[in-house]
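In: Here is a sequence with its predicted model. Questions after.
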Amino acid sequence: MRPGVHPERAPGRKHASPPVHSIVHENGLRIERNVRVAMRDGVRIYIDIYRPETPADTRVPVLLGWSPYGKHNTADHLPWPEADVPAGWISRYTAFEAPDPLSWCANGYAVVYPDPRGSWYSEGELRHGGMGEAEDCYDLIEWLGVQSWSNGRVGMTGVSYLAATQWFVAPLHPPHLAAINPCEGFSDWYREFAYHGGIPETGFVPRGSANLQWSTTRTEDTAANVRAHPLYDDYWASKEADLSAIMVPAYVVASWSDQGLHTRGTLEAYRKLASPQKWLEVHGGKKWRHYYDPQSVAKQRQFFDHFLKDAPTQLDRWPKALIEVREAANSGTWHAESEWPLARTRYRPLFLDARDGTLRDTVPEVAAKISYDPLKPDGRGVFDYLCASEMELAGPMTLHVWVEAQGSDDMDLFVAIEKLDADRRRIPFVFYAVNENGPVALGWLRVSHRALDPVHSRPEQPVHSHLVEQRLSAGERVPVDVEIWPSATQFREGETLRLVIQGRDIPEAGVPNGPTARHEETRNQGRHVLHTGGAYEAFLLIPVIPPLTPGGD
């Protein structure tokens with residue numbers, strides 16, 4: 001824990017004033033600010049309640065957007081113009097990554113923003129995720145469910161932190177929680193947030209931790225805790241959510257573009273949810289733009305109207321999974337599917353050949369190797385597969401390769417899947433929420449973390465245990481399996497699937513101060529050697545999706 005920085009010293013779009021209770025009527029809204037709500041241990045937090053101006057006896061459902069970013073930090077725009085959220089899509093009442101009260105209240109909902117325990121002026125000490133925050137969220141849901149103006153049904157929606165909170169509270173089964181709409185939230189704190197493949201993340205973690213320091217008491221120093229726990233231990237276990245215990249109706253939204261933050265965790269959460277009524281949507285664009293797109297808001301409203309209002313809707317016509325198969329940045333085709341992962345997936349190996357830098361359909365008989373200096377700008381291994389026919393890929397991938405570190409006892413591998421057009425020009429994809437220069441998909445591995453979790457690993461998706469380190473000895477050659485995060489991409493005849501392996505981030509730059517993962521504390525030195533062919537079978541396992549036949553088989 002660390003001492004909080006007083007809210008009056010916090011930079012931001014709005015000043016964090018002391019929590020004085022007030023009621024304001026404007027633009028058809030009844031806004032009640034700084035309502036105190038007691039948690040089960042007596043600690044009181046402050047919340048803002050937005051309600052439609054309706055007769056006193058009207059009862060409305062509630063949408064809860066839980067985050068520590070400050071309920072006062074509302075605006076009609078996003079901090080980054082590159083997020084491409086057009087003017088007019090959100091009102092000045094909208095908190096970061098949360099539902100817009102002006103829009104939702106006009107359609108008969110209340111919207112609630114809390115300052116969680118220990119954040120801003122709320123009492124207690126801020127805990128970042130885990131059971132403590134889940135119990136507080138449970139208590140607020142139950143308080144909201146019994147207010148005189150509430151119809152007794154609470155839904156949750158929002159992006160990132162607001163989604164991750166839903167993973168934690170839904171397994172506790174608060175009686176008044178009627179439906180959830182988690183949009184792009186990681187669910188494995190170690191593998192998706194703090195250590196990608198065992199490599200420490202040095203960009204988003206300190207940035208995110210700095211956003212959680214505004215308090216009159218103390219807050220968890222997440223960045224310090226990440227550094228103090230480089231292996232998977234009880235600290236990380238304390239931030240696990242029991243996803244298989246989630247039974248509430250769920251409309252889960254993910255994107256292929258959040259490689260390094262939310263893509264993997266959102267899809268893993270959907271796969272593990274036990275909810276009998278669950279739907280998945282995976283887009284290839286920018287997450288904030290997608291969340292606030294009027295068409296997306298209309299779908300959110302249809303979902304919540306169904307479960308919070310018993311209104312007639314078209315949910316019975318929704319496909320269980322709606323997947324955008326990308327062609328390039330901001331270009332793709334939507335496919336309606338009956339499940340995720342896709343049951344008809346055929347996993348196919350493409351074998352690495354270091355002799356000519358290609359990916360082949362058969363195992364090269366001759367052993368060969370590529371070596372590179374991981375610290376130099378041009379230090380990398382590249383392997384290309386020229387598509388002889390159209391090919392749709394959707395799902396995770398695995399890179400299996402033999403490696404050797406010369407002049408070091410460890411090595412950090414950064415892996416990317418890229419797409420080249422028929423003229424061998426790189427085709428860029430949306431990357432995170434603000435960039436359009438990204439790859440198809442990414443993977444990472446610190447080779448000393450190569451041990452697999454035998455219970456959770458699958459051939460198409462290796463899961464590393466991260467319990468111990470296995471350093472390399474001089475001349476040692478070891479096989480490693482690198483998990484490459486899920487994607488969905490269309491490759492046309494004459495286009496190229498490219499595999500890149502290097503010792504630094506891919507891509508290396510993005511929007512300045514943007515929400516992008518970085519890995520600047522690598523263990524790379526000397527030379528990396530990649531062995532292929534002969535006794536060193538190396539392959540990229542790709543998820544090929546056969547087209548649906550007229551009969552659906």
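Out: On my side now, so go ahead.

In: Quick one: mean pLDDT for the lengthiest strand in the chain?
Out: Looking across the chain with DSSP state E, the single longest strand is strand 391-406. For strand 391-406, mean pLDDT is 98.

In: Report the angle between the helix or strand that comes right after that strand and strand 391-406.
Out: Sequence-wise, the next helix or strand downstream of strand 391-406 (DSSP states H and E) is strand 412-420. With axes from the mean of the first three to the mean of the last three C-alpha atoms, to 10 degrees applied, the angle from strand 412-420 to strand 391-406 works out at 150 degrees.

In: Just the local confidence number for Val511, please.
Out: So Val511 comes in at 60 (pLDDT).

In: one step back: buried residues in the longest strand of the chain?
Out: Buried residues in strand 391-406, counting neighbours by 16 or more other C-beta atoms under 10 Å, are found at 391-405. C-beta: built from backbone N, CA, C; applies to glycine.

In: which among those gets closest to Phe168?
Out: Nearest to Phe168, judged by C-beta to C-beta, of these is Pro396 at 24.3 Å.

In: Which residue ranges of the stretch 51-200 of the chain form strands?
Out: Secondary structure of the stretch 51-200 of the chain (DSSP state E, counting those that start in this stretch): strands located at 60-64, 110-115, 150-159, 177-183, 195-196, 199-200.

In: Paired strands for the last one, with orientation please.
Out: The pairing partners recorded for strand 199-200 under DSSP bridges are strand 195-196 (antiparallel).

In: Following the chain onward from the one helix or strand Leu352 maps to, which element is next?
Out: Remark: Leu352 resides in strand 346-353, with elements defined by DSSP H and E. The first helix or strand that comes after strand 346-353 along the chain, using DSSP H and E, is strand 358-360.

In: who does that following strand touch, helix- and strand-wise?
Out: Judged by 3 or more C-beta pairs under 8 Å, 6 or more residues apart in numbering; DSSP states H and E, strand 358-360 is in contact with strand 346-353, strand 380-386.

In: The first one versus strand 380-386: what angle between them?
Out: Yep, that's strand 346-353 we're talking about. Computed by the same axes, to 10 degrees, the angle separating strand 346-353 from strand 380-386 equals 130 degrees.

In: Any buried residues in strand 346-353, and which?
Out: Neighbour count says strand 346-353 has Pro349, Leu350, Phe351, Leu352, Asp353 buried, by 16+ other C-beta under 10 Å.

In: mind listing the helices for this structure?
Out: Ranges of helices in the chain, per DSSP state H, are 101-105, 130-145, 161-169, 204-210, 222-228, 234-237, 263-272, 287-292, 294-309.

In: Need the winner for burial among the ones you listed.
Out: Comparing the helices of the chain by mean neighbour count (mean count of other C-beta atoms under 10 Å), helix 161-169 ranks first with a mean of 27.

In: What distance do you get for the closest residue to Leu102 other than its chain neighbours to Ala298?
Out: Take Leu102 and drop its neighbours on the chain: the residue closest to it by C-beta to C-beta, 6 or more residues apart in numbering is Ser91, 3.8 Å away. Going from Ser91 to Ala298 by C-beta to C-beta, to the nearest Å gives 16 Å.

In: Gly124 against Thr216, yeah?
Out: No. Using C-beta atoms under 8 Å as the test, Gly124 is too far from Thr216 to be in contact (10.0 Å).

In: out of those two, which sits in the busier spot?
Out: Gly124 (20 against 17; other C-beta atoms under 10 Å).

In: confidence score at the more buried one?
Out: The predicted local confidence for Gly124 is 98.

In: repeat for Pro507
Out: As summarised for this prediction, Pro507 has a pLDDT of 89.

In: residue contacts, it?
Out: If a contact means C-beta atoms under 8 Å, 6 or more residues apart in numbering, then Pro507 has Phe431, Asn435, Asn437, Gly438, Pro439 as its contacts.

In: try 10 Å
Out: Residues in contact with Pro507 (C-beta atoms under 10 Å, 6 or more residues apart in numbering) are Ala416, Pro428, Phe431, Asn435, Asn437, Gly438, Pro439, Leu442, Thr516.

In: Who wins on neighbours among those residues?
Out: Result: Leu442 is most packed of those (other C-beta under 10 Å), 27 neighbours.

In: where does the closest residue to it other than its chain neighbours land on pLDDT?
Out: Nearest residue to Leu442 in three dimensions, chain neighbours excluded: Gln259, at 4.3 Å (C-beta to C-beta, 6+ apart). We note a pLDDT of 96 for Gln259 in this prediction.
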